[in-house]
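K.L.:
for reference, the sequence and a predicted model appear below.
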Number of protein chains: 2
Amino acid sequence: MKCKICKEKSLIRLRAHNISLCKDHFLSFVLDRVQKAIRTYQLFAVGERILVAISGGKDSLALFEILQRLGYPVEGLHVDMGIEGFSDQAIDTVAHFLTDRRAPFHLYSLLDVAGVGITRMASRLKRPPCTLCGMMRRYLMNRFAWEHGFSSLATGHNLDDEGATLLGNTTNWHVGYLAKQAPLLPASHPRLVKKVKPLVLLSEREVLAYSILRELPYQEERCPHARGATSVKNKIALNLIEYHSPGTKIRFYQEFQKNRTIFSQPEPTHHQSCSVCGFLTTREKCQFCTIVQRFHDLDSAPSDSLAM
Amino acid sequence: MKCKICKEKSLIRLRAHNISLCKDHFLSFVLDRVQKAIRTYQLFAVGERILVAISGGKDSLALFEILQRLGYPVEGLHVDMGIEGFSDQAIDTVAHFLTDRRAPFHLYSLLDVAGVGITRMASRLKRPPCTLCGMMRRYLMNRFAWEHGFSSLATGHNLDDEGATLLGNTTNWHVGYLAKQAPLLPASHPRLVKKVKPLVLLSEREVLAYSILRELPYQEERCPHARGATSVKNKIALNLIEYHSPGTKIRFYQEFQKNRTIFSQPEPTHHQSCSVCGFLTTREKCQFCTIVQRFHDLDSAPSDSLAM
């Protein structure tokens, strides 16, 4: 196969787009797809400071590298969730990556805020770690962005991530979630930042190929808690359809975005300040503080030490 | 496992419903599901004569058997499409089945109406036989039902069929098709019958088990043209999700029906009479007559006999 653009030997075949590309033109293609997402979905305002959430995986590293390469003013945030046997390496990965790129590195740690990491907390509360981790990570990202004056938080969700979520929301007809599943989620309150997903037009395979070609030093290891996540079955199902009908995944996502207003917007949320941390909540005490307090209550209860 | 109802030894496990049932209670379950679909989606009016389209496969035979058992006034229609090496056996199957059940049997043949069967027509016109067959079968069913005073045409589409179609319409966001994908499609003109699908709440596996237990003499052989139909990949994808999350398929369909009005109805179609057959069309000559005429033009052209 030859590169569609320069007719030199191609490196990668993109069946969804019915093209083959050489290394250089593939790298340009990736940048173009991100620019297209930014433009089509109006992700950023001019001159906006962008906080990029960097887990250390290929998607978040690629996102940062691409936005920086495109000239956007980006800073990196790693939220340390205190996952035993995993988080230390993630912090190292992100710290080295950002230092090498001379980019601002922010580290925000669950241990510092809550006095405990997610592994111990989930085990003590007998809760599935992924649900807990997702909720607490969102809280910490929002709080950090607000406290440091960012207006925009970018995450590395790619087309496979968003497609799988969309398929899950569709097979369950979660109309309220569908209404909100967009590459740009506007800030619904002055103390919240808008969330943007500039990689939504790139498949997992495309991001992976980009990361390898750019030799990005991402963390290959997976989180030990992330076994059998529910979104995996939807990814596989979607890839099965994609295999038989190349282009389905991107069409599924893009056509959905064109039609998304069909789904009515949920009622606006009434926000108030949490009585413990002062951050936004819909209740007297926010979910984050409620869970942290429940952990500490359990952890200090004398009956529990006997049961250990 | 024990039957959820009588606690005797169970015969079948229905993971989507989280129950196991013995033979008798499974057979009742199937009837209940059909009754539920008829009631929920108001498929039939009281005393209505129902024309059941019977291909000879398990679904259409089961549909007829169930509706008859439930006391509905049903008559059977087999549309003979003239598929070489397949249709003769299908006619035999349906004729014997309906004779045994002392039920009215109507046979309507493409060969009689058009002077040619689908295999020869598709080959001559160089068209994919399935697309052509579907269109022509719908025409013949509609025309027969209208000419014989039926108000309702029932087909054996099961949950897997409808789920796969729904997944296809969703991944492509065919909003117009979504608006119309219902277990009851009302007659949009006095010369059209309403279409109903009473098996929509039963999976393919459930209909198969019912057909086997009732020893229905269905045609096991598949149509020779039906290789690699596009709906198959969607069925497999949906079953993959179902395997990991039992109940997804039925929820996908039922929740969709609850939310279907989200999708706006397409513009009403302007109908007129076909200048050849007199049946409904949106053009001067209907699609059926256009294709039949094109076939005969090609077939009688002298240059073609040379090319043979």
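P.N.:
Alright, I've got the coordinates.
K.L.:
what sits against the residue of the stretch 201-308 of chain A at minimum distance from chain B?
P.N.:
Among the residues of the stretch 201-308 of chain A, A:E255 lies closest to chain B, at 3.7 Å counting by Cβ to the nearest Cβ. Quick note: C-beta positions are derived from backbone N, CA and C, even for glycine. Under the criterion of Cβ atoms under 8 Å, 6 or more residues apart in numbering or on different chains, the contact list for A:E255 reads B:N172, B:W173.
K.L.:
what helix or strand does it sit in?
P.N.:
In this structure, A:E255 sits in helix A:248-259 according to DSSP states H and E.
K.L.:
and for A:E65?
P.N.:
Following DSSP H and E, one finds A:E65 within helix A:58-69.
K.L.:
next: A:T99.
P.N.:
The secondary structure element spanning A:T99 is helix A:87-100 (assigned by DSSP H and E).
K.L.:
each with direction, which strands does the next helix or strand after that helix pair with?
P.N.:
In the C-terminal direction, the helix or strand that comes right after helix A:87-100 (DSSP H and E) is strand A:105-109. As defined by DSSP bridges, the strand partners of strand A:105-109 come to strand A:74-80 (parallel).
K.L.:
off-centre distance for the partner strand?
P.N.:
The gap between the average C-alpha position of strand A:74-80 and the chain average comes to 12 Å, counting by Cα atoms, centre = their mean, to the nearest Å.
K.L.:
what does stretch A:270-280 give?
P.N.:
24 Å.
K.L.:
same deal with stretch A:173-185?
P.N.:
Average the C-alpha atoms of stretch A:173-185, do the same for its chain, and the two points are 15 Å apart (Cα atoms, centre = their mean).
K.L.:
not counting that stretch itself, show me its contacts.
P.N.:
Stretch A:173-185 is touched from outside by A:37, A:41-43, A:162, A:165-166, A:168-170, A:194-198, A:200, A:256-257, A:260, A:263-266, B:251-252, B:255-256, B:258-259, B:262, with contacts defined as Cβ under 8 Å, 6+ apart.
K.L.:
and stretch A:29-40, by the same measure?
P.N.:
A:14, A:21, A:43-44, A:66-67, A:69-70, A:183, A:197-202, A:206-207, A:210.
K.L.:
list the buried residues of that stretch.
P.N.:
Taking 16 or more other Cβ atoms under 10 Å in any protein chain shown as the basis for neighbour counts, the residues of stretch A:29-40 that come out buried are A:F29, A:V30, A:R33, A:V34, A:A37, A:I38.
K.L.:
do the same with stretch A:190-197
P.N.:
Using 16+ other Cβ under 10 Å as the burial criterion, the residues of stretch A:190-197 that qualify are A:R191, A:L192, A:V193, A:K194, A:K195, A:V196, A:K197.
K.L.:
picking that back up, could you give the mean pLDDT of the helix holding A:E255?
P.N.:
With pLDDT averaged residue by residue, helix A:248-259 scores 96.
K.L.:
can you name the next helix or strand after it?
P.N.:
Next element after helix A:248-259 (DSSP H and E): strand A:272-273.
K.L.:
where does pLDDT dip in chain A?
P.N.:
Counting by pLDDT under 70, chain A has low-confidence residues at A:227-230, A:266, A:302-308.
K.L.:
nearest residue to the spatially most central residue of chain A other than its sequence neighbours?
P.N.:
Nearest to the centroid of the C-alpha atoms of chain A, with distances taken as Cα atoms, centre = their mean, sits A:T155, at 4.0 Å. The spatially closest residue to A:T155, leaving aside those adjacent along the chain, is A:A53, at 5.0 Å (Cβ to Cβ, 6 or more residues apart in numbering or on different chains).
K.L.:
what's across from that neighbour in the sheet?
P.N.:
Going by DSSP bridges, A:A53 is paired in beta bridges with A:L77.
K.L.:
skipping adjacent residues, who's closest to the one residue in the stretch 1-150 of chain A that gets nearest to chain B in space?
P.N.:
Of the residues in the stretch 1-150 of chain A, the one nearest chain B is A:A16, at a distance of 12.9 Å by Cβ to the nearest Cβ. On the basis of Cβ to Cβ, 6+ apart, the spatially nearest residue to A:A16 that is not a chain neighbour turns out to be A:G247, at 4.6 Å.
K.L.:
quick one on the thing from earlier: got a list of what the residue nearest to A:T155 touches?
P.N.:
Contacts of A:A53 were listed using Cβ under 8 Å, 6+ apart, and they are A:S60, A:L77, A:H78, A:V79, A:M141, A:L153, A:A154, A:T155, A:G156.
K.L.:
cutoff 6 Å now
P.N.:
For A:A53, the set of contacting residues under the criterion of Cβ atoms under 6 Å, 6 or more residues apart in numbering or on different chains consists of A:L77, A:M141, A:T155.
K.L.:
circling back: what does the helix holding A:E65 rub up against?
P.N.:
Applying Cβ under 6 Å, 6+ apart, the set of residues contacting helix A:58-69 is A:34, A:52, A:54, A:74, A:76, A:97, A:156, A:158, A:199, A:207-208, A:210-211, A:216, A:218.
K.L.:
quick check: the farthest pair among those?
P.N.:
A:V74 and A:L208 (21.1 Å; Cβ to Cβ).
K.L.:
between these two, which one's more packed in?
P.N.:
Neighbours around A:V74 and A:L208, counted as other Cβ atoms under 10 Å in any protein chain shown, are more numerous at A:V74. The numbers are 23 against 16.
K.L.:
how far does stretch A:106-117 sit from the chain's center?
P.N.:
Chain-centre distance of stretch A:106-117: 19 Å, with Cα atoms, centre = their mean.
K.L.:
no no, stretch A:203-218
P.N.:
16 Å.
K.L.:
same check on stretch A:161-171?
P.N.:
Chain-centre distance of stretch A:161-171: 15 Å, with Cα atoms, centre = their mean.
K.L.:
returning to what we had before: burial count for the residue nearest to A:A16?
P.N.:
13.
K.L.:
need the contact list for the spatially closest residue to A:S87 that is not a sequence neighbour.
P.N.:
Nearest in space to A:S87, with sequence neighbours left out and distances taken as Cβ to Cβ, 6+ apart, is A:D80 at 5.4 Å. Residues touching A:D80, when contacts are defined by Cβ under 6 Å, 6+ apart, comprise A:S87, A:I91, A:S109.
K.L.:
could you pull out the strands for the stretch 201-308 of chain A?
P.N.:
Ranges of strands in the stretch 201-308 of chain A, per DSSP state E, counting those that start in this stretch, are A:272-273, A:280-281.
K.L.:
need the residues of the stretch 1-150 of chain A near chain B, please.
P.N.:
Taking Cβ under 6 Å from any Cβ of the partner chain as the measure of proximity, the stretch 1-150 of chain A makes no contact with chain B.
K.L.:
so A:I19 touches A:K4, yeah?
P.N.:
Yes: the pair A:I19 and A:K4 qualifies as a contact (Cβ atoms under 6 Å) at a distance of 4.4 Å.
K.L.:
how's chain A carved up into domains?
P.N.:
Structural domains annotated on chain A: A:45-221+A:229-268, A:271-301, as defined by automatic domain parsing.
K.L.:
for B:G149, find the nearest of those.
P.N.:
When the domains of chain A are ranked by proximity to B:G149 (Cβ to Cβ), domain A:45-221+A:229-268 comes first, at 38.4 Å.
K.L.:
got the end-to-end distance for the closest one?
P.N.:
Domain A:45-221+A:229-268 has an end-to-end distance of 24 Å (Cα to Cα, to the nearest Å).
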